[in-house]
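Enquirer: how would this look folded up:
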Amino acid sequence: MSLTSLLLAHAAGLGSFTTPRNTAFTGDAWALLPSNTDDVAAADQRFAVAVHLKQTGAGTVRALVVTSHDGGTWALAAASTLLSQDGAEVFEVLETTRLLRFVAVVTVLTGSPLPNHTLSASLMSNGRFNVNKVAKTVSTTLAVVDASVEVSSRNGRATLPNGQSQVDVVFQRPWQNNAYTIVATPESEVASWVTNRTALGFRLRTSGPVGQDTTIHWMAVHD
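Expert: Just a heads-up that it's a prediction; the model follows:
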């Protein structure tokens with residue numbers, strides 16, 4: 001069961017700071033515990049992390065959600081969009097790939113000098129849960145961004161309105177760059193191609209204005 005259409009009505013803060021800082025943030029370790037008033041069966045409970053991240057200055061900023069079974073060795077559970085320019089800001093709900101007994105949020109910065117940033121992160125769920133702050137040392141040594149977190153392909157459908165010859169596709173979550181390939185198939189006998197490809201999305205064009213609303217199926221694969 002995915003997060004689609006779920007009401008994530010329960011939340012607990014993992015870490016936040018509103019005064020901009022140019023040092024990486026390592027949040028407290030939290031023990032994830034069941035609630036005494038469970039309202040969702042364990043097999044149906046889902047978790048996500050809501051992240052609000054903003055960058056000031058050049059360089060890159062990213063938030064990582066890390067998790068551990070023993071509080072000593074930490075693995076990556078989710079990674080935010082990589083911010084890479086002054087003023088960049090994102091609010092997103094990250095579905096965790098795995099969630100063990102302990103959870104924490106950290107930020108990773110690059111640049112010289114390092115950029116400033118602000119952060120707010122909360123653990124969300126469709127069922128009740130408890131978290132307790134624990135005296136564990138959070139480490140990102142083994143929490144690398146790998147293929148289980150970085151989505152390498154995406155697909156969807158865009159509707160080209162009657163009389164138009166182009167439509168823009170905007171990704172729900174930007175990629176880190178525009179190094180991706182797109183295949184597009186219109187549901188009509190028109191030729192199509194892609195322009196204006198960026199990390200945020202791309203533009204679909206056709207050989208001429210369509211005579212009716214036309215669906216174009218697309219798939220993007222990142223290098």
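Enquirer: from here on, contacts and neighbour counts on C-alpha atoms
Expert: Fine.
Enquirer: in the helix or strand Ser122 falls within, what's buried?
Expert: Counting by DSSP states H and E, the element that carries Ser122 is strand 116-125. Neighbour counts over strand 116-125 (16 or more other C-alpha atoms under 10 Å) mark 116-125 as buried.
Enquirer: again with stretch 33-46
Expert: So for stretch 33-46, counting by 16+ other C-alpha under 10 Å, buried means 45-46.
Enquirer: pLDDT of that stretch, averaged?
Expert: Mean per-residue pLDDT for stretch 33-46: 82.
Enquirer: distance from the chain centre to it, please.
Expert: 24 Å (C-alpha atoms, centre = their mean, to the nearest Å).
Enquirer: ditto for stretch 24-31
Expert: For stretch 24-31, the distance to the chain centre is 19 Å (C-alpha atoms, centre = their mean).
Enquirer: helix or strand right after the worst-scoring helix or strand of the chain on mean pLDDT?
Expert: Here the helix or strand of the chain ranked lowest by mean pLDDT, DSSP states H and E is strand 153-160, holding a mean of 82. With elements assigned by DSSP H and E, the helix or strand that comes after strand 153-160 is strand 166-170.
Enquirer: give me the contact list for stretch 109-116.
Expert: 20-24, 55-62 (C-alpha atoms under 8 Å, 6 or more residues apart in numbering).
Enquirer: how about 7 Å then?
Expert: Stretch 109-116 is contacted from outside by 20-22, 24, 55-62, using C-alpha atoms under 7 Å, 6 or more residues apart in numbering.
Enquirer: neighbouring strands for the least confident helix or strand of the chain, and are they parallel or not?
Expert: Strand pairing for strand 153-160, using DSSP bridges, gives strand 214-222 (antiparallel).
Enquirer: in JSON lines: the contacts of stretch 109-116, plus neighbour count.
Expert: Formatted as JSON lines, the contacts of stretch 109-116 follow (neighbours: other C-alpha atoms under 10 Å):
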{"residue": "Pro20", "neighbour count": "14"}
{"residue": "Arg21", "neighbour count": "16"}
{"residue": "Asn22", "neighbour count": "17"}
{"residue": "Ala24", "neighbour count": "18"}
{"residue": "Gln55", "neighbour count": "26"}
{"residue": "Thr56", "neighbour count": "22"}
{"residue": "Gly57", "neighbour count": "18"}
{"residue": "Ala58", "neighbour count": "19"}
{"residue": "Gly59", "neighbour count": "18"}
{"residue": "Thr60", "neighbour count": "21"}
{"residue": "Val61", "neighbour count": "30"}
{"residue": "Arg62", "neighbour count": "21"}
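Enquirer: I'd like the residues you listed laid out as JSON lines, including distance to Thr214 and pLDDT.
Expert: Listed next are these as JSON lines, based on distance: C-alpha to C-alpha, whole Å; pLDDT from 0 to 100:
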{"residue": "Pro20", "distance to Thr214": "46", "pLDDT": "96"}
{"residue": "Arg21", "distance to Thr214": "48", "pLDDT": "96"}
{"residue": "Asn22", "distance to Thr214": "48", "pLDDT": "96"}
{"residue": "Ala24", "distance to Thr214": "47", "pLDDT": "95"}
{"residue": "Gln55", "distance to Thr214": "39", "pLDDT": "95"}
{"residue": "Thr56", "distance to Thr214": "41", "pLDDT": "96"}
{"residue": "Gly57", "distance to Thr214": "42", "pLDDT": "93"}
{"residue": "Ala58", "distance to Thr214": "41", "pLDDT": "90"}
{"residue": "Gly59", "distance to Thr214": "41", "pLDDT": "89"}
{"residue": "Thr60", "distance to Thr214": "39", "pLDDT": "89"}
{"residue": "Val61", "distance to Thr214": "39", "pLDDT": "92"}
{"residue": "Arg62", "distance to Thr214": "38", "pLDDT": "92"}
